[in-house]
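J.: Turn this into a model:
(chains A and B)
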Amino acid sequence: MRPDRARAIIMTSAAAMAAIGSTLYLASYFAGGLLALAALAIFGFLRRSELGAEGFAAASRSMLKAAAVPAIGIASALAIGAAVMLATGYDPVASYAALFYGGLVRNWHISVLNATPLIFTGLAISFGFKGGLFNIGAEGQYFVGVMAATWLGLKLNLPAPLGVPLVFVVGMLAGAAANLIPAALKVKTGAHEVVTTMMMAYAIRTLSPMFIRANGGDPASSAHPYATAQIGERLWLPLFKDVLPASNYRLHVGVLVAVAAAFAVRFVLDRTDLGFKIRAVGHNPIAARTQGISTARITFATLLISGALASMAGVTQVLGLDHRMFQNLNAGYGWNGISIALLARNDPIAIVFAALLWGVLDAGGQYMARTASTPNAIIEIVKSVILFLLLAEVVYSSSGAAIKRFLAGRKAARAASEGGRS
Amino acid sequence: MTTDPRAGPVLETRGITKTFGSVVANSDVSIRLERGEIVALLGENGAGKSTLMNVLFGLYRPSSGEILVRGEPVRFDSPRDAIKLGLGMVHQHFMLVPTLTVTQNIILGDEPSVLGHIRYRRARARVAELSARYGLEVDPDEKVENLPVGLQQRVEILKALYRDAAVLILDEPTAVLTPREVDELFATLRRLAEGGTSIIIITHKLEEVRSLSHRVYVLRKGKLSGERATLGTTASELARLMVGRDVVLSVDRPEPAPAPEPIFRMEAVSALGPRGLEALRGASLAVGPGEILGIAGVEGNGQRELCETITGLAKATAGTVRLGSDDVTGWSVARRMDAGIGYVPPDRRASGLVVQFSVEENLALGRSDRAPYSRARVLDRAATRASATGLMERYDIRASGPDARASTLSGGNQQKVILAREFSRNPKFLLVSQPTRGLDVGAIEYVYRRILELKESGVAVLLVSMELDEIFALSDRIAVLHGGRVVFESRADATNPAEVGEYMIRGAAAGPAARSEA
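T.: Residues are numbered from 1 along each chain as shown, chains lettered A, B, ... in the order given. Below you'll find the predicted structure:
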């Protein structure tokens, strides 16, 4: 009993350390990273005492192996980016120095701000994937979240502790509702969700100029040509700066909501009856149905939850950063969420890191373009190559067992025939 | 047999070894095949038969050892090389394009063409000539999708003959055939052998070996465990060579008790098939406690619809399904499961399991919303594991652990997972469809024993199977499904395979004729 309790206390405090440390880090207090690392060391130590030295070594080896693949992918993509720069006459050393200084240090807050909506849309898309559905219309649900938050923000005058959760709930319901029609069509007629959610996304995007004009936007005015009026200040998300003065004045706590959402998604998928059914339907709907699982109901739930997650990106963006709706149709958080989900192989926690990587490359790329005058397009190339390399690996490892066996067989056969000849 | 002693073996392997990583699929296998000879390659699933055939057909390169064709060592880099040297393969799963005609399928990949123009008429004539010469009657212009399975197989054989195959390799050729089609196939093969074609037939069915082959090789765990002249051996000796121990293939069935109230009853049930046509037409069946009713029939005669209307996967367009005193016709799949209907579906990998899931997850499938698998809708991993560990022990499921992926298990162990799941839920009525498809002798025996145990405990069992042997081995009563109708029903001891087979093929029309013959 005693060692168990001691263990639980240590675990809880280490978890708290990790949470505080990484929060500090996200708020540009980089020393917080040390606290998070210390927590990691404590976890490692506990794990080691649990698994024994050998088991722990094996576990860490497999973790390193798992981390090696994306690390190699990123490094190779950067190398290819460097080659492109050399070929086109830019200095790769200076450019990359600017990229990382800008993305990781100088404009770290922008990286985090970039990553926040991507975490939500990445989660939305991977949630669909888990249930065997491709919610390609996350872009539309993002705008639904934006509109819901803006509309409520303009109408509502409630104190933040009441108002903010209410806006989130309404925004999520609206995002789920945006997928009602695709879900109903999928279940009733089998219409493919790729087509229907994408159509919905375009329809919703088309609505946005009308929405802006109806809510204070005025193309004739120079103040807000393509934006609504500002939402009430009481609903704005708190800033890190409110408690941590050295933090950037724009950095809001939305990223914490996003990380919490990632943990929530992981819990739902891995630890609940609903998640179990979603995964069963995602892998084999026929077997799931044969075992009495209502595939129609699960498909409905999956698409609606996916829509709600995507709309959270929009809500966070309005409450935390923009405080109004811009007619910014080029951000493409929904579309980019697809890359994030693929990059993270649908692992909710990996999605946080993948989104941060994208955020760093975007923020660093802009800084690089400004200071080293290397065109930002290089970063788009690097991003594409990362996706390409890591997806090729996905293809290789999922359908690739047979290929591997085949190659191993050929190698063995060649060795045998050469051995026989000599 | 018209073996020419001077010619020597047509095909020979010497010390073939094939490894996949650390797994040895074939070890030092040497076989030979004379001209005009029929050789059976017998072995359980996983014994290495398919690997050996794939080596012979150029799909795999052997790790060591050599292949000789007409005494010459050869190297196959691809099936193309094997075909060139006169080897033809008929796969278990036909490699035909359903929307093309017989002739188009036969010439596919080897089209006689002049400057890209296919000389179709000449090909057609050659196909007609071949089918006449070997007595393989089939319309060269018919689309393959309109042919029954037996004729599709003929097309596969013709395809090999069209490429001048001197050696024909057939992988489990009877798995999909009716008894009559099997007879026709065997007659064809005997005729081909008399004409000088050499034949290797891969099978795990002992009676086929005995009725068809001249010689038999038995493979066990990748090694040759014996070679016998068919006439000089017995089924039990072959079974022993295959399994490595004595096996009991016929099950002693105690006398059925006088039938009380049936547990399961369906009355005049009709249902639509995949093309919207009525595939089940007013079928009525009843199964009592402690009874096994076997449903015989050729595949595609309403079995699927029968299973789906019983389990609730598909709606009945007419009639009622009853469990005990409840009319369950309108109930959902889940509600029927909870009421005590268990189901072992015909295709393990497609509908029985989520193969990407672990063994324990598969055991929890369908019950994940309650104890021991979850509490308040949150999964209880410890309890799930404990329950799975117990079931794995009780049902002798061999896997690296409860967390092993179902896809890594052998067919027999996958089936045991399904049996464990369904049987442990204490069904009142169990529907079992094709429970031993693709299983080896050892696993078949196990499945039979478990089903009989369940029946002994008072469960009503409905067994749907395409294998007549299986129907007769297990059933107390037998019914035949033909064209979606129950055309025949009898106590098992009051009928025989010939009579049932006749009804399977000819339906109700078989009535008087079958009776007079039997």
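
J.: What's the local residue count around residue B:134?
T.: 17 (other C-beta atoms under 10 Å in any protein chain shown). For every residue, glycine as well, the C-beta is placed using N, CA and C.

J.: contacting residues for it?
T.: Residue B:134 makes contacts with B:158, B:161, B:188, B:191-192, B:195, as judged by C-beta atoms under 8 Å, 6 or more residues apart in numbering or on different chains.

J.: what's the spacing between residue B:58 and residue A:94?
T.: 57 Å (C-beta to C-beta, to the nearest Å).

J.: Which of the contacts of residue B:134 fall in helices?
T.: B:158, B:161, B:188, B:191-192 (DSSP state H).

J.: out of those, who has the most neighbours?
T.: So for the ones in helices among the contacts of residue B:134 (other C-beta under 10 Å), the most neighbours sit at residue B:158, 23 neighbours.

J.: Just the pLDDT for that one.
T.: The model reports residue B:158 with a pLDDT of 90.

J.: and what of residue B:325?
T.: Reading off the model, residue B:325 has pLDDT 91.

J.: what's the answer for residue B:163, then?
T.: Value listed for residue B:163 in the pLDDT field: 87.

J.: so what's it closest to, chain neighbours aside?
T.: residue B:83 (5.3 Å; C-beta to C-beta, 6 or more residues apart in numbering or on different chains).

J.: Give me the neighbour count for that neighbour.
T.: 20.

J.: Settle this for me: it is touching residue B:161, isn't it.
T.: No - assessed by C-beta atoms under 8 Å, residue B:83 is found out of contact with residue B:161, at 11.7 Å.

J.: about what we covered before: export the ones in helices among the contacts of residue B:134 to CSV and append columns for distance to chain A.
T.: Listed next are the ones in helices among the contacts of residue B:134 as CSV, based on distance: C-beta to the nearest C-beta, whole Å:
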residue, distance to chain A
B:158, 30
B:161, 30
B:188, 34
B:191, 38
B:192, 32
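
J.: Contact partners for residue A:144?
T.: A:171, A:174-175, A:177-178, A:204, A:307, A:311, A:314.

J.: in the stretch 51-200 of chain B, which spans are strands?
T.: B:64-69, B:72-74, B:87-90, B:113-114, B:117-118, B:167-171, B:198-203 (DSSP state E, counting those that start in this stretch).

J.: could you flag which of the contacts of residue A:144 are buried?
T.: Those of the contacts of residue A:144 that meet the buried threshold are A:171, A:174-175, A:177-178, A:204, A:307, A:311, A:314, by 16 or more other C-beta atoms under 10 Å in any protein chain shown.

J.: out of those, who's nearest residue B:349?
T.: residue A:307 (32.5 Å; C-beta to C-beta).

J.: mind listing what that closest one touches?
T.: A:124, A:135, A:138, A:141, A:144, A:175-179.

J.: Any idea how many residues pack against whichever residue of the stretch 151-300 of chain B sits closest to chain A?
T.: Residue of the stretch 151-300 of chain B nearest chain A, by C-beta to the nearest C-beta: residue B:274 (13.5 Å). Other residues near residue B:274 number 9, with proximity taken as other C-beta under 10 Å.

J.: Wait, a helix at it?
T.: No - counting by DSSP: H, G, I helix; E, B strand; the rest coil, one finds residue B:274 to be coil, located in no helix.

J.: May I have the predicted confidence score for the residue of the stretch 401-518 of chain B found nearest chain A?
T.: Residue of the stretch 401-518 of chain B nearest chain A, by C-beta to the nearest C-beta: residue B:421 (8.4 Å). With respect to pLDDT, residue B:421 scores 96.
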